[in-house]
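1. Turn this into a structure:
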Amino acid sequence: MLQAKTELIPARPVIFGEVLFDHLPDGRAVLGGAPFNVAWHLKGLGLEPLLVSRVGMDANGDHVLSAMQEWGMDTRGMQRDPQQPTGTVRVFLDRGQPSYRILPDQAYDRIDATAALASTAGAPHLLLYHGSLAARSEPSRGALKALRATGMPAFVDVNLRSPWWEPGMVRRLLQGARWLKVSGEELDLITSDTPLGPEAASTRARTLRARYGLDLLLVTEGEQGAQVYTPFGQYAQPAVPADPLVDTVGAGDAFVAACILGLAHHWPLTDILARAAELATRICTLPGATPNDRALYADLSARWAA
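-> The predicted model follows:
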């Protein structure tokens with residue numbers, strides 16, 4: 001009697017958090033949110049991320065699901081909310097510098113824990129990626145806690161947006177994390193209790209990594225590149241200049257996505273960092289954070305696999 005062939009199911013990254021629209025001063029509404037951006041890049045690069053989020057029963061929610069389906073993304077982790085709207089952020093410019101008004105009571109604030117767990121059941125998972133914005137409300141915070149309790153290793157991407165965070169919440173999110181990404185400014189904010197010295201940034205980073213037992217701490221510094229801290233030492237990854245530089249929207253999310261890809265494929269750390277910088281730079285040469293350009297991802301995937 002022939003036995004059915006058992007196919008190996010690859011481990012998938014679970015991406016948890018906000019999906020939203022940035023409403024720009026010129027009237028455009030751009031789809032984004034750090035978790036959505038990361039999931040978009042991972043799909044483009046050949047992984048099968050499961051995005052766990054919630055959108056409204058509105059036209060923007062329809063748009064999100066349509067964009068995901070056209071990109072080939074799995075929508076089983078997406079929830080619909082009959083009362084709260086799909087996430088919205090108002091972007092303002094002052095002398096070219098953006099500021100943000102993140103609206104309260106959005107659909108992504110009400111991610112349901114039972115539905116989130118059901119969507120992740122029955123398949124192996126590489127890791128659980130999440131930020132801090134979606135943890136601002138009790139329902140989504142409870143869903144995140146439930147997913148963390150399953151034992152998936154956590155990749156935390158701190159994205160502090162005032163007034164939607166406080167130090168105690170961040171400390172709770174970092175407990176048990178395996179990988180962490182922060183910006184240089186965020187590092188200062190969450191380590192303000194660390195004494196300053198001649199090497200203030202590196203001292204704070206090393207202390208933070210040791211405090212939470214992190215395998216990897218990524219500190220992104222824009223055009224200065226990134227500093228990386230591990231139990232075995234500190235590494236610097238220079239930024240790759242973008243030519244032409246169109247905008248920097250989503251560059252950090254692209255950097256994180258390439259790091260997750262590298263973890264999935266067990267690349268050496270030097271390769272992970274170089275490729276993360278390359279993807280971030282390529283995104284900076286294009287408008288927006290989520291290019292609908294399959295050739296871009298195919299080119300990178302082919303070269304990185306060589």
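2. Can you give me the buried ones in stretch 243-263?
-> By 16 or more other CB atoms under 10 Å, the buried positions in stretch 243-263 come out as 249-263. Any C-beta I mention is one placed from the backbone N, CA and C, and that applies to glycine too.
3. any residues touching stretch 218-234, and which ones?
-> 179-184, 187, 201-202, 205-206, 209, 214-217, 235-239, 248, 251-252, 255-256, 259, 269, 273, 276-277 (CB atoms under 8 Å, 6 or more residues apart in numbering).
4. where do the strands sit along the stretch 101-250 of the chain?
-> 125-130, 154-157, 179-183, 216-220, 226-230, 233-237 (DSSP state E, counting those that start in this stretch).
5. if we can go back for a sec, buried ones only from the contacts of stretch 218-234, please, as a PyMOL command.
-> With 16+ other CB under 10 Å as the criterion, this PyMOL line picks the buried residues out of those:
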select buried, resi 179+180+181+182+183+184+187+205+209+214+216+217+237+239+251+252+255+256+259+269+273+276+277
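6. okay, the strands of the stretch 101-250 of the chain in a markdown table with distance to Arg148 and mean pLDDT next?
-> Listed next are the strands of the stretch 101-250 of the chain as a markdown table, based on distance: least, CB to CB, whole Å; pLDDT from 0 to 100:
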| stretch | distance to Arg148 | mean pLDDT |
| --- | --- | --- |
| strand 125-130 | 7 | 97 |
| strand 154-157 | 6 | 98 |
| strand 179-183 | 14 | 97 |
| strand 216-220 | 18 | 97 |
| strand 226-230 | 22 | 97 |
| strand 233-237 | 28 | 95 |
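7. Would you reformat those strands as JSON lines and include distance to Gly56?
-> Shown next, in JSON lines, are the strands of the stretch 101-250 of the chain (distance: least, CB to CB, whole Å):
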{"stretch": "strand 125-130", "distance to Gly56": "21"}
{"stretch": "strand 154-157", "distance to Gly56": "24"}
{"stretch": "strand 179-183", "distance to Gly56": "29"}
{"stretch": "strand 216-220", "distance to Gly56": "31"}
{"stretch": "strand 226-230", "distance to Gly56": "35"}
{"stretch": "strand 233-237", "distance to Gly56": "39"}
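8. Tell me which of those sits nearest to Asp243.
-> strand 233-237 (18.5 Å; CB to CB).
9. Pull up the pairing partners for the closest one, direction included.
-> Sheet pairing for strand 233-237, assigned by DSSP bridges, gives strand 226-230 (antiparallel).
10. What residues of the partner strand count as buried?
-> Ala226, Gln227, Val228, Tyr229.
11. hang on, the earlier thing: which one of the strands of the stretch 101-250 of the chain lies closest to Gln84?
-> Of the strands of the stretch 101-250 of the chain, nearest to Gln84 by CB to CB is strand 125-130, at 19.4 Å.
12. And the closest one, what does it pack against?
-> Here strand 125-130 touches strand 12-16, helix 34-44, helix 138-148, strand 154-157, helix 251-265, going by 3 or more CB pairs under 8 Å, 6 or more residues apart in numbering; DSSP states H and E.
13. three-state assignment of the nearest residue to Val30 once chain neighbours are set aside?
-> Residue nearest to Val30 in three dimensions, not counting chain neighbours: Asp22, with 4.6 Å by CB to CB, 6 or more residues apart in numbering. Three-state call for Asp22 (DSSP: H, G, I helix; E, B strand; the rest coil): strand.
14. Hmm, Ala29 and Asp22 touching each other?
-> Yes: between Asp22 and Ala29 a contact is recorded at 7.0 Å, counting by CB atoms under 8 Å.
15. Neighbour count: these two, which is higher?
-> Between Asp22 and Ala29, counted using other CB atoms under 10 Å, Asp22 has the larger neighbour count: 20 against 14.
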